[in-house]
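Novice: Need a 3D model of the following:
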Amino acid sequence: MRGGPHFGAEHGGGEHGGAERGRPEGPGDLEHMPRVRGYRGPHDRTMGGAARFRMLAALRAQDGLSVSEIADLIGVDQPRASRLVNESAERGLVTRRADERDARRSVVELTEQGRSILSKTNESRRTAVADAVAGFTAEETATFAALLTRFVEGWTR
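Specialist: Below you'll find the predicted structure:
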């Protein structure tokens, strides 16, 4: 996988998604998104899936990316990246505008709401990892970190 380690399911919706409860998803279905206090495992879809999380993280690192650049960075094809951008724009997480230097190109930027959601999710995941290794000794933590690093490096090849 080119975009780094896998953080959860690839598709939006999930246990808090509006469509599964008989409501259409969209800008009005944001009330579930801030509920990221406790990461609930690989099926936690408060961010809408791993690809959306990777997209928001890529935009935090470098705002003003094109859809093609996003696709390359997060390891999805261009149509999937375009859908992620459109869905994220509907949720108020990103904005899309014409590039001032090249009107044929559009750029995607992270909104304050997108930054906030990403920050809360990152903190929730850090807390979950810290809780999971709380019973480890310092040596076990170091060994686990080394093995996990090797695993991720092997996974992304």
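Novice: longest helix anywhere in this structure?
Specialist: When the chain is parsed with DSSP state H, its longest helix is helix 112-132.
Novice: List the buried residues for that helix?
Specialist: G114, I117, L118, K120, T121, N122, S124, R125 (16 or more other C-beta atoms under 10 Å). Backbone N, C-alpha and C define where each C-beta goes, glycine included.
Novice: Kindly report the same for stretch 86-106.
Specialist: For stretch 86-106, by 16+ other C-beta under 10 Å, it's E87, S88, A89, R91, L93, V94.
Novice: Identify the residue nearest the second one in space, chain neighbours excluded?
Specialist: Put plainly, it is S88. In space, and not counting its chain neighbours, S88 is closest to V94: 4.5 Å by C-beta to C-beta, 6 or more residues apart in numbering.
Novice: Kindly give the local confidence score, pLDDT, for the one you found.
Specialist: V94 carries a pLDDT value of 96.
Novice: For the chain, which segments count as helices?
Specialist: Counting by DSSP H, the chain has helices at residues 50-61, 67-74, 78-90, 112-132, 138-155.
Novice: quick one: the residue nearest to S88 and L59, what's the gap?
Specialist: Using C-beta to C-beta, to the nearest Å, we find V94 at a distance of 7 Å from L59.
Novice: just for this protein, where's the confidence low?
Specialist: Within the chain, the stretches with pLDDT under 70 are 1-48, 156-157.
Novice: unless I'm mixing things up, E109 is touching A58, no?
Specialist: No. The pair E109 / A58 is not scored as a contact, 11.6 Å apart, by C-beta atoms under 8 Å.
Novice: Those two: who's more crowded?
Specialist: A58 (20 against 13; other C-beta atoms under 10 Å).
Novice: what's near enough to touch the more buried one?
Specialist: Each residue near A58 by C-beta atoms under 8 Å, 6 or more residues apart in numbering is listed here: L65, I70, L73, I74.
Novice: ok, these vs L147, which is closest?
Specialist: I74 (25.0 Å; C-beta to C-beta).
Novice: what sits against the nearest residue to L56 once chain neighbours are set aside?
Specialist: Closest residue in space to L56, ignoring its immediate chain neighbours: L118 at 4.6 Å, by C-beta to C-beta, 6+ apart. By C-beta under 8 Å, 6+ apart, the contact set of L118 is M47, F53, L56, A57, R60, L110.
Novice: Just the buried ones out of the residues you listed, please.
Specialist: Counted by 16+ other C-beta under 10 Å, the contacts of L118 give M47, F53, L56, A57, L110 as buried.
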